[in-house]
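> Quick one, what's the 3D model for this:
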Amino acid sequence: MKNTPEAEAPNNFHCPKCSGVLKRKTGTRGPFWTCSNYPDCKFTADDIDGSPMLIPCPECGTTLRYGCNSFGPYTFCAIKELHSSKESLFFDVNGKEQQPLPPLPEPKGSFLCPECKQELVYFRVKSGPNKGKMRFGCFNKEKHSDAETHYFTDRDGAPVL
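From the prediction side, this is the model:
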């Protein structure tokens, strides 16, 4: 017998909307799951390690979607109109409420770039070895002699120039 998708062992994943069998398919963005009752049922779910992600949104019950950014993997519900806040909701990978990032500290004043005299931006680093740390930056590359962004270490709300 050929190893075709039809010949694979049946799965135990059922559509939360109509109880149809979910089928794993591959699209332009990779694998995903869809209901076998398509086009009558248009349910889809993200594929996580070969299984459909079937975690419901704690507020509206719609199936959460999976995403990943520089802070790591997360789940979210983008059906804004079904939420009391009228905004997308974000959760950890298990569908639990995400712990918010600590509030951004305030800089201890306004500081200027030593080269171009533009005001420095105070920000939290999103990735790399300094991820999560605060830094100052001047993004006015065209006015710098090396045509590069200049970054400065944060020391208690003030840049180390």
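
> domain ranges for this structure?
Following automatic domain parsing, one gets these domains for the chain: 5-91, 101-161.

> pLDDT of the last one, averaged?
Domain 101-161 shows an average pLDDT of 91 in the prediction.

> rewinding a little: including mean neighbour count, could the domains of the chain go into CSV?
For the C-beta atoms, the positions are set from N, CA and C on the backbone; glycine is no exception. Below are the domains of the chain laid out as CSV (neighbours: other C-beta atoms under 10 Å):
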stretch, mean neighbour count
domain 5-91, 14
domain 101-161, 13
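
> Can you give me the first-to-last residue distance of stretch 27-37?
End-to-end distance of stretch 27-37 (C-alpha to C-alpha, to the nearest Å): 18 Å.

> Quick one: mean pLDDT for it?
Mean pLDDT, stretch 27-37: 92.

> what's the distance between that stretch and the middle of its chain?
How far stretch 27-37 lies from its chain's middle: 20 Å, per C-alpha atoms, centre = their mean, to the nearest Å.

> can you list contacts of that stretch?
If you take C-beta atoms under 8 Å, 6 or more residues apart in numbering as the criterion, stretch 27-37 is touched by 13, 15, 17-18, 20-26, 41-47, 50, 52.

> Now intersect those with the strands, please.
Using DSSP state E, the members of the contacts of stretch 27-37 that fall in strands are 22-26, 44-47, 52.

> Would you mind giving those residues as TSV with distance to residue 160 added?
What follows is the ones in strands among the contacts of stretch 27-37, written out as TSV (distance: C-beta to C-beta, whole Å):
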residue	distance to residue 160
22	55
23	57
24	52
25	53
26	50
44	50
45	48
46	43
47	46
52	49
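
> what's residue 137 in contact with, if anything?
Contacts of residue 137 were listed using C-beta under 8 Å, 6+ apart, and they are 120-121, 123, 149-152.

> can you rerun that using 7 Å?
Listed by C-beta atoms under 7 Å, 6 or more residues apart in numbering, the contact set of residue 137 reads 120-121, 123, 149-151.

> And the furthest pair within the residues you listed?
The span of the contacts of residue 137, defined through C-beta to C-beta, is set by 123 and 150 at 13.1 Å.
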